[in-house]
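> Mind folding the following:
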Amino acid sequence: MWIDEMFGDFKGNGFDLESSHLGHFMRLSRLTLAVALLYVWLISEGCRVIKRGLRHLVDRRDRRDFGIFRIGYNMVERMLALGERFKIRLIPYFP
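Presented below is the predicted three-dimensional model:
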């Protein structure tokens with residue numbers, strides 16, 4: 001189940017890596033490394049949002065449409081749009 005979620009996140013539901021059309025190995029490997037780090041960070045942000053009870057700000061209340069990655073992505077997008085500050089943490093969130 002997690003693998004299907006991840007492929008969706010890397011394709012049209014998230015980063016849309018297919019549209020990069022990179023053919024050079026080194027450029028593709030650098031992009032993959034950057035995306036992997038960003039992916040881990042957005043997953044941790046999604047976990048933080050859910051644990052703090054803020055999911056309703058970026059997802060529907062009546063059903064769960066988004067995965068953890070998309071919740072983190074939407075929250076960061078929301079915070080940027082509202083001009084709010086956030087910290088980039090790459091450590092697990094513990095309340």
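> residues in contact with Lys87?
Not one residue lies near Lys87 by CB atoms under 8 Å, 6 or more residues apart in numbering. (Glycine included, C-beta is placed from N, CA and C.)
> Can you classify it by secondary structure?
Classification of Lys87 using DSSP: H, G, I helix; E, B strand; the rest coil returns coil.
> and it, what are its phi and psi?
Recorded main-chain torsions at Lys87 are phi -100, psi 150, according to degrees, to the nearest 10.
> Low-confidence stretches in this protein?
Within the chain, the ranges that satisfy pLDDT under 70 run 1-23, 25, 89-95.
> Show me the helices in it, by range?
2-10, 25-51, 68-82 (DSSP state H).
> Among the ones you listed, which comes closest to Asp62?
Taking CB to CB, helix 68-82 is the member of those nearest to Asp62, at 15.7 Å.
> With distance to Leu57 as new columns, can the helices of the chain be given to me in TSV?
TSV is the format used below for those (distance: least, CB to CB, whole Å):
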stretch	distance to Leu57
helix 2-10	20
helix 25-51	8
helix 68-82	7
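> Name the stretch among these that sits most buried.
helix 68-82 (a mean of 17; mean count of other CB atoms under 10 Å).
> Tell me which other helices or strands it touches.
Judged by 3 or more CB pairs under 8 Å, 6 or more residues apart in numbering; DSSP states H and E, helix 68-82 is in contact with helix 2-10, helix 25-51.
> and the last one with helix 68-82, angle?
Same thing as helix 25-51. Angle, helix 25-51 to helix 68-82, by axes from the mean of the first three to the mean of the last three CA atoms, to 10 degrees: 80 degrees.
> other SSEs contacting helix 25-51?
helix 2-10, helix 68-82.
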